[in-house]
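Participant: After the sequence you'll find the predicted model.
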Amino acid sequence: STGMPPRRPPRRPLPSVISAGYANWGECDGKVELAARTGVNVIIWFAIELTVAPGGKPVVSGGPNLTCVADTAARLEAGGLPTHHFISVGGGGAPHP
């Protein structure tokens with residue numbers, strides 16, 4: 001056993017045609033919902049960062065407000081706009097664990 005919970009399958013498959021939108025630094029506002037209303041079906045949130053803490057322990061930090069992301073996804077779903085949500089991993093300027 002790896003000590004990790006088993007991976008669950010995605011709730012639904014990705015659409016056969018993907019129209020992706022990339023939110024800007026920490027962006028979680030009406031522009032994201034407008035993009036979904038105009039056809040974006042995959043939203044890529046920007047960006048968590050991989051860094052190394054003192055002592056060498058890897059750290060994931062930054063990113064958008066996750067409560068806002070969850071609320072946005074719920075509003076889109078409730079409004080009949082099912083979308084898939086991903087988060088990009090940045091940290092190009094930081095040491096990687």
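Facilitator: Here it is on my side, so go on.
Participant: Next up, the contacts around the residue nearest the centre of the chain.
Facilitator: The centre of the chain sits closest to residue 87, judged by CA atoms, centre = their mean, with a distance of 2.7 Å. For residue 87, the contact set (CB atoms under 8 Å, 6 or more residues apart in numbering) comprises 44, 45, 46, 47, 48, 63, 64. For the C-beta atoms, the positions are set from N, CA and C on the backbone; glycine is no exception.
Participant: hang on, the last one packs against residue 23?
Facilitator: Yes - counting by CB atoms under 8 Å, residue 64 does reach residue 23; the two are 6.8 Å apart.
Participant: got any residues that touch both of those two?
Facilitator: 45, 46.
Participant: Switch the contacts of residue 87 over to a markdown table; also include neighbour count, distance to residue 56 and secondary structure.
Facilitator: Converted to a markdown table, these look like this (neighbours: other CB atoms under 10 Å; distance: CB to CB, whole Å; DSSP: H, G, I helix; E, B strand; the rest coil):
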| residue | neighbour count | distance to residue 56 | secondary structure |
| --- | --- | --- | --- |
| 44 | 15 | 30 | strand |
| 45 | 25 | 28 | strand |
| 46 | 17 | 27 | strand |
| 47 | 19 | 23 | strand |
| 48 | 17 | 19 | strand |
| 63 | 18 | 22 | coil |
| 64 | 20 | 27 | coil |
